[in-house]
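# Based on what follows, work out the 3D shape:
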Amino acid sequence: MTARYELKPTSDNQYLWNLKAPNHEVILTSERYTTKAGAKNGIESCRKNSPIDSRYDRRKATNGQYYFVLKAANGEIIGRSELYVASSGMENGIASCKTHGPTAPVVDLTTVSAGAR
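The predicted model follows:
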C-alpha cells in the first residue's frame, strides 16, 4: 500500500480523514467536518502545511506520551497524531507526515454503503 488520505463518514453524519503511511499506520487524524467539501479542504490544507516544520506543535499528554498537531498558518488545528511512547517516535511521525502529506492520493470512503462499513 502507498501512503494515502482516507476520507470517511463518521457515525454522527460528519466527515473526517486519516493520513495513512505505507505501512497502514495512521499518521494524522483530522478534526470532524460538517461537510464533505470541508473535509476535502482540510486535506488540501494538510498538503500545503505538512512540509513546513514550524506548523507542527510537539506536545506531551498528561500520561507522559508524546503527540503532535499540525496547524495551518492561522493557527487552526488541521490534524492530530496518535500517541507515541518516546519523543523519537513522534519525530518519526512528523517526518512521515512531511514526506507523505504533500502528495498522498485521496481514497474516498464516503461512497461505501452503510452495510459495508
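# these two touch, right, Gly89 and Tyr66?
Yes: counting by CB atoms under 8 Å, Tyr66 is a contact partner of Gly89 at 6.9 Å. All C-beta atoms are positioned from the backbone trio N, CA, C, and that covers glycine.
# Of the two, give the one with the bigger neighbour count.
Neighbour totals were compared for Gly89 and Tyr66, and Tyr66 leads with 20 against 16 (other CB atoms under 10 Å).
# per-residue pLDDT, that one?
pLDDT, the model's per-residue confidence, is 98 for Tyr66.
# Let the chain start at 604 from now.
OK, 604 is where the count begins now, so the last one is Tyr669.
# Count the residues that sit near the closest residue in space to it that isn't next to it in sequence.
The spatial neighbour of Tyr669 that comes closest, neighbours along the chain excluded (CB to CB, 6 or more residues apart in numbering), is Met693 at 4.0 Å. Neighbourhood size, Met693 [other CB under 10 Å]: 22.
# Repeat that for the one 3 residues further on.
For Gly696, the count of nearby residues is 22 (other CB under 10 Å).
# Contact partners for it?
Gly696 makes contact with Ile630, Phe671, Ser684, Glu685, Tyr687, according to CB atoms under 8 Å, 6 or more residues apart in numbering.
# any idea which element it lies in?
In this assignment (DSSP states H and E), Gly696 forms part of helix 690-703.
# Lys663 contacts Tyr669, doesn't it?
Yes: in this structure, Lys663 is within contact of Tyr669 by CB under 8 Å, at 5.7 Å.
# beta partners for the residue nearest the centre of the chain?
For the chain, the residue nearest the mean C-alpha position is Leu631 (2.6 Å; CA atoms, centre = their mean). Taking DSSP bridges, one finds Leu622 as the beta-bridge partners of Leu631.
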